[in-house]
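# structure, please.
(chains A and B)
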Amino acid sequence: SQELEQSPQSLIVQEGKNLTINCTSSKTLYGLYWYKQKYGEGLIFLMMLQKGGEEKSHEKITAKLDEKKQQSSLHITASQPSHAGIYLCGADRGGGTSYGKLTFGQGTILTVHP
Amino acid sequence: EAQVTQNPRYLITVTGKKLTVTCSQNMNHEYMSWYRQDPGLGLRQIYYSMNVEVTDKGDVPEGYKVSRKEKRNFPLILESPSPNQTSLYFCASSTTGTSGRAFNNEQFFGPGTRLTVL
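Numbers count the residues shown, from 1 in each chain, chains lettered A, B, ... in the order given. Model prediction:
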């Protein structure tokens, strides 16, 4: 089974609405990436969170890392059609000790209707 | 411009015909990795390399080979492709910085190679 589970798997929202995507790990998270992908294209780096309780923002996207819950959330405020795409979370498979083995969630497909 | 390039971008081939997908980065990154992306399965790591001549298996290495003879290049080799290797492939690179860990640094991804094996 996936070590990183994302929810929801897909999300359809109206432009202007807020939304949250969650990424839950079966192992303790020592850090986490968030990437965005347009369908069939490469991945665009959004944020990297390394410390428990850390929160980072970029434009209208905020990500938090909650180590106690082994979870990270990505929140988009006032969504726009440009936010549409696939959001993926990724983490170190070795729990901070693998030095290279990385795992990703299955992705969340976001659709934003104008 | 800092980038990761992959070639070819699209490839249709037949079962058993050896192929190589090239990956090159111009950022002097130590770490490089190959992933495949399939619907519902997300991104799965095939092989990775911490530096020249240092490679290791990821989650799904069966049916693939890699080599890292130069720092900038990390080709993915399919000796005898099969239809279950039909997928979207991504190469990525990052520096390992002072920690020696790939994770602590942003990974730069290539544009992807869409492979179809008939």
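
# any idea of the pLDDT on the nearest residue to residue B:25 once chain neighbours are set aside?
Excluding the flanking residues, the one nearest residue B:25 by C-beta to C-beta, 6 or more residues apart in numbering or on different chains is residue B:93, at 4.2 Å. C-beta: built from backbone N, CA, C; applies to glycine. Looking at residue B:93, its pLDDT stands at 93.

# residue B:93: which element?
Element membership of residue B:93, judged by DSSP states H and E, is strand B:87-94.

# which neighbouring elements make contact with that strand?
Applying 3 or more C-beta pairs under 8 Å, 6 or more residues apart in numbering or on different chains; DSSP states H and E, we find strand B:87-94 packed against strand B:4-7, strand B:19-25, strand B:31-38, strand B:108-109, strand B:113-117.

# near chain A, anything from the third one?
Just to be clear, that refers to strand B:31-38. Yes. For strand B:31-38, a contact with chain A is found by C-beta under 8 Å from any C-beta of the partner chain, at B:31, B:33, B:35.

# repeat that for the last one.
Yes. In terms of C-beta under 8 Å from any C-beta, part of strand B:113-117 sits within range of chain A, namely residue B:114.

# how about stretch A:75-95: buried residues?
A:75-76, A:79, A:83-94 (16 or more other C-beta atoms under 10 Å in any protein chain shown).

# ok, stretch A:51-61 next?
A:54, A:61.

# export that stretch as CSV, just CAs?
Written as CSV, here are the backbone C-alpha positions of stretch A:51-61 (Å, rounded to 0.1, in the frame of the first residue of the first chain):
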residue,chain,number,x,y,z
LYS,A,51,10.1,20.9,10.9
GLY,A,52,7.1,19.8,12.9
GLY,A,53,4.6,22.6,13.1
GLU,A,54,6.2,24.4,10.2
GLU,A,55,3.9,26.5,7.9
LYS,A,56,4.9,28.1,4.6
SER,A,57,2.9,30.2,2.2
HIS,A,58,3.4,31.1,-1.4
GLU,A,59,0.8,33.5,-2.9
LYS,A,60,-2.5,31.9,-2.1
ILE,A,61,-1.2,28.5,-1.2
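
# on that earlier part again, run a quick check on the residue nearest to residue B:25 versus residue B:35, I expect a contact.
No. Judged on C-beta atoms under 8 Å, residue B:93 makes no contact with residue B:35 at a distance of 11.9 Å.

# overlap of the contact sets of those two?
Overlap of the contact sets of residue B:93 and residue B:35 (by C-beta atoms under 8 Å, 6 or more residues apart in numbering or on different chains) is empty.
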